[in-house]
Structure formats: C-alpha cells, structure tokens
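[1] Kindly generate the corresponding structure for this input.
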Amino acid sequence: MPRTDSYDVIVVGGGVIGCATARELAPDHDVLVLEGGSAGGDTSPKASGLITTIPDFPEHPEACAHAMDFFHSYDGTGQFTFTPRPGIQLVTADEESWWRDHAATMADHGFDVTYLTAGEIEDRYPDALVLDEFVGGVEFADCGWVDPYTYTMTLKEDAERNGVQYESNTRVEAVETDDGSVTGVRVDGETITADHVVCATGWRTRNLLSGLVDVPVRPFRWQTVNIEVDREFDEEFPMAWDTLSGMYWRPEHNGDLHVGGGTYFVETPGSHRSSITERFREAVAQTVIERVRDIGDARIKSEDCCPTGDAATPDDMPIIDAPDDAPDGLVIAITGPVGGIMCSPFVATAVRSHITTDSTPFPIDQYRLGRFDDRSADFECAHVTERGGI
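    As a prediction, this is how the structure comes out:
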C-alpha cells in the first residue's frame, strides 16, 4: 500500500510496543509504523516471552491487572496462545520478612499471591525445585509465557487489518518539528508528515530525540539458553527465579528448560553478538544443577542474546509520556529492562491516552519522564545485574 500525504500518527519502531500501540490506535486513527529492521523488530522476537507482570510491577497493581486481563482475553487470537503457569520467587532467610509482607500486600490488592514455606512448596510442587538455599517462596498464580514472535506478529496483523500501514527496513533519520510541535519524520531525506509521532525505539530513543528532549536510557543485553534435560516437565511444573543467581527458568512445550539472565550493559550500541558469554554459560550450568531436581545430563541445546541491545531506564520502570519540555505531539514509549512483551498492553493504552486524552484504568503519572532529575545515560539499575556479563 503506498504512503499517503500525511498521517494522524507515525509510530517509529515496529517491535512489540510499536505493534501494540498501532493496534490500539488503529480503529480511529490513520497510523504508519516505520521499523528500521525486519518485521517485528530486532529485539522483541528474541525475548523470553515471560509474563510476570504482577511480580515485576508490585507497586503498579492496576497496570498489572490491565495487562493480565489482556493476555487472557487475547489468547486464541490468530496463532497467539498464552500459556498460564504459576511463578515462584525463591526466598532466602534474609529476605523472608520482606517477602512475607509483600505477598500479603499483593493479596490485599486482590492478586492471587501467597507466601509458601519450603515445605509447602515441596508439597505443592513435588520433584520440581531444590530448595537447600531457600526458606520459602512467593507463589504468583497469575503468570505464564508467550511466544514473543507470534505475539508481536499477531498484534501487527491485527493492526494492519484495521488499516495500519507497516514498513520494515525503513530507518527514520529524524523527528521533524516546527514552532514547538512535531510535523512528522524524515526518511531518506524526505519528510512524512503526521500530527503525532510515537517513539517506540528503545535505547535508540536517546539519539533519535537528541536536541529535542533528553531521555535517560541505556542499552543492555540479556542472554538465554534452552537446555535439553533427562526429565519431563508436567503442566504443574512452575516457573521460578531467585535473587542469588539473578536468573529465571521455565519449561518449554517441547520438554526443554528455558533459562535466562546474565544481563550486562552494552558499551557499543548496535554491535551484534550472536552467542552468550562463557561466564553466563558457566552460571547457567551451576544454577540449573542447584535449583531444578532430577535434570540428569543437562545439555545446552540452543542459546541466544539480544543482538543489538535492549533498553534500560534508571529505575527499571517504563517511560510513557508526552513530556512538557518536548515538542507538542511527541510521545515516548520505552519499557525498560523488565520487558516489552509483558508491558505492551498497558503501554499501548497509556500511549493512546497521551494522544487522545482518553482516561486509563490505571495511573500513568508514574511513567512520566519528569520523574528523573538527572536524565544522563550514566546510571546503574537493579535489573541489569552484570551477572554473566563480560
């Protein structure tokens, strides 16, 4: 489909956030999505697909509920499936008091969250986890995972059915402005006009908007492996994670064990790396042996990493805002290191609110850019642990 002269909204970035945003706006806006790489983006299809919104956003219960409602209702759309599975945060003795209180608080918010002692975990999930280093864990009943590529492409196809134009391998050179407002974007030296521009470009947002607004975002890389093991995982085997290792693991439908973590900041953004680090490989072997029962001769079957870098924010939380100090009509949508897949439903809804002034079923002030006094890219954050990095 050829481009038109102008659009209501241009979404820069065609990964999961760009596709979710386009789908959200499609019913009543003319939308163009411009993706610099292949369809679905370079990062989203390689994500782990964890849907652990409730444990990862404990202070944002309304946004969590919105996201989880979406994944349950979207299950079965096209080829997309959501696999529900409880997740367990393993807890050491030093962490026990805080996690007991946290579980009680989340339960008070209406979530199915329970603190379990080590004995209760073993009773509920026999032959699943090795708990020698832990006194218990917090069970989050409403978690699961998706195939990230299928999910992203389903959102894209949904958006296109509602009239969205999607162009891959189209690099946006600049966001164009005039008299304090966005006028569109520049591609191949020519301007494509639009009333609004949504930047869903991850760590690249800082450079793309340089001179327009400062965005504190920094590229990092995560790593994953799929492990072939000598045991079967039934449908009751939980996902789990812990702060000692900084890793998470979950079963795959084909019987493998998916393990992720090993985050580290990327000094050369956009540089491709096709394999995991040796440090992460060694950490995975140790973690799997120490955490999962009866795996036998575990063998790494496949490995992956975010090839061009993902986006970290100083407080690990998303930035979803039409900043007061930015040109009118500009919206920023960055999820931070917790993951674009699980955030995408509430990010898309928040972006729509910034464009239309529609109300949202959750607070959005907590995602504003103005919460940062220091907007430099020189920061550390909790989710990028450097474990397994280089």
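[2] make it CA atoms for all contacts and neighbour counts henceforth
    OK.
[3] Show me the shaky parts of the stretch 51-200 of the chain.
    Judged against pLDDT under 70, the stretch 51-200 of the chain has no low-scoring part.
[4] for it, what spans make up the strands?
    82-84, 87-91, 113-117, 136-140, 144-146, 165-167, 174-178, 181-187, 190-199 (DSSP state E, counting those that start in this stretch).
[5] Switch these over to JSON lines; also include mean neighbour count and distance to Glu236.
    Compiled in JSON lines, the strands of the stretch 51-200 of the chain are given as follows (neighbours: other CA atoms under 10 Å; distance: least, CA to CA, whole Å):
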{"stretch": "strand 82-84", "mean neighbour count": "18", "distance to Glu236": "10"}
{"stretch": "strand 87-91", "mean neighbour count": "25", "distance to Glu236": "11"}
{"stretch": "strand 113-117", "mean neighbour count": "21", "distance to Glu236": "16"}
{"stretch": "strand 136-140", "mean neighbour count": "25", "distance to Glu236": "13"}
{"stretch": "strand 144-146", "mean neighbour count": "22", "distance to Glu236": "12"}
{"stretch": "strand 165-167", "mean neighbour count": "22", "distance to Glu236": "40"}
{"stretch": "strand 174-178", "mean neighbour count": "17", "distance to Glu236": "49"}
{"stretch": "strand 181-187", "mean neighbour count": "20", "distance to Glu236": "49"}
{"stretch": "strand 190-199", "mean neighbour count": "21", "distance to Glu236": "40"}
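[6] now the ones you listed as a markdown table including distance to Met68?
    Converted to a markdown table, the strands of the stretch 51-200 of the chain look like this (distance: least, CA to CA, whole Å):
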| stretch | distance to Met68 |
| --- | --- |
| strand 82-84 | 10 |
| strand 87-91 | 14 |
| strand 113-117 | 14 |
| strand 136-140 | 12 |
| strand 144-146 | 10 |
| strand 165-167 | 27 |
| strand 174-178 | 33 |
| strand 181-187 | 34 |
| strand 190-199 | 24 |
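[7] Ser333 and Ala20, how far apart?
    That one is not Ser; residue 333 is Ala. Distance of Ala333 to Ala20, computed by CA to CA, to the nearest Å: 11 Å.
[8] cool, Thr43 as well?
    To Ala20, Thr43 is 15 Å away according to CA to CA.
[9] likewise Thr201?
    Counting by CA to CA - Thr201 and Ala20 are separated by 13 Å.
[10] So those two - more neighbours on which side?
    Set side by side, Thr201 and Ala20 show more neighbours around Ala20, with 29 against 26, by other CA atoms under 10 Å.
[11] if I look at that one, how far off is His253?
    The gap separating Ala20 from His253 is 25 Å, by CA to CA.
[12] do the same with Gly13
    Taking CA to CA, one finds Gly13 at 30 Å from His253.
[13] quick one: contacts for Thr193?
    Contact analysis of Thr193 by CA atoms under 8 Å, 6 or more residues apart in numbering lists 5-7, 183-185.
[14] And those residues, which is closest to Thr360?
    Looking at those and their distance to Thr360, the nearest is Tyr7, at 24.0 Å (CA to CA).
[15] what's around that closest one, how many residues?
    If we define neighbours as other CA under 10 Å, then Tyr7 has 18 of them.
[16] my read is it is in a strand, agree?
    Yes. Applying DSSP: H, G, I helix; E, B strand; the rest coil, one finds Tyr7 inside a strand.
[17] Can you name the residues bridging to it?
    Ala194 (DSSP bridges).
[18] Same question for Leu129.
    Going by DSSP bridges, Leu129 is paired in beta bridges with Val292.
[19] residues contacting it?
    Neighbouring residues of Leu129 by CA under 8 Å, 6+ apart: 122, 291-293.
[20] ok, of those residues, which come out buried?
    The neighbour count (16 or more other CA atoms under 10 Å) marks 122, 291-292 as buried among the contacts of Leu129.
[21] what would the contacts of Leu129 look like in JSON lines with distance to Ala159?
    Output for these, formatted as JSON lines (distance: CA to CA, whole Å):
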{"residue": "Glu122", "distance to Ala159": "45"}
{"residue": "Arg291", "distance to Ala159": "41"}
{"residue": "Val292", "distance to Ala159": "41"}
{"residue": "Arg293", "distance to Ala159": "43"}
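[22] Go through those residues and name the one nearest Gly137.
    Nearest to Gly137 among the contacts of Leu129 is Glu122, at 10.7 Å by CA to CA.
[23] Could you export the contacts of Thr193 as a markdown table, including distance to Glu157?
    Formatted as a markdown table, those follow (distance: CA to CA, whole Å):
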| residue | distance to Glu157 |
| --- | --- |
| Asp5 | 23 |
| Ser6 | 22 |
| Tyr7 | 19 |
| Thr183 | 27 |
| Gly184 | 24 |
| Val185 | 24 |
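[24] Among those, which one sits closest to Val172?
    Nearest to Val172 out of the contacts of Thr193 is Val185 (CA to CA; 6.6 Å).
[25] Now for the closest one: which residues touch it?
    Applying CA under 8 Å, 6+ apart, one finds that Val185 lies in contact with 10, 172-176, 191-194, 197.
[26] repeat that for 10 Å
    When contacts are counted by CA atoms under 10 Å, 6 or more residues apart in numbering, Val185 touches 10-12, 34, 172-177, 191-194, 196-197.
[27] Farthest pair within these?
    Comparing every pair within those by CA to CA identifies Leu34 and Thr177 as the most remote, at 17.8 Å.
[28] where exactly do the helices run in the stretch 201-350 of the chain?
    Here the stretch 201-350 of the chain has its helices, by DSSP state H, counting those that start in this stretch, at 205-208, 278-291, 340-356.
[29] In the second one, which residues have enough neighbours to count as buried?
    Right, the one you point to is helix 278-291. Across helix 278-291, burial judged by 16+ other CA under 10 Å covers 280-281, 283-284, 287-288, 291.
[30] Check those against Ser376 and report the nearest one.
    Nearest to Ser376, judged by CA to CA, of those is Phe280 at 28.6 Å.
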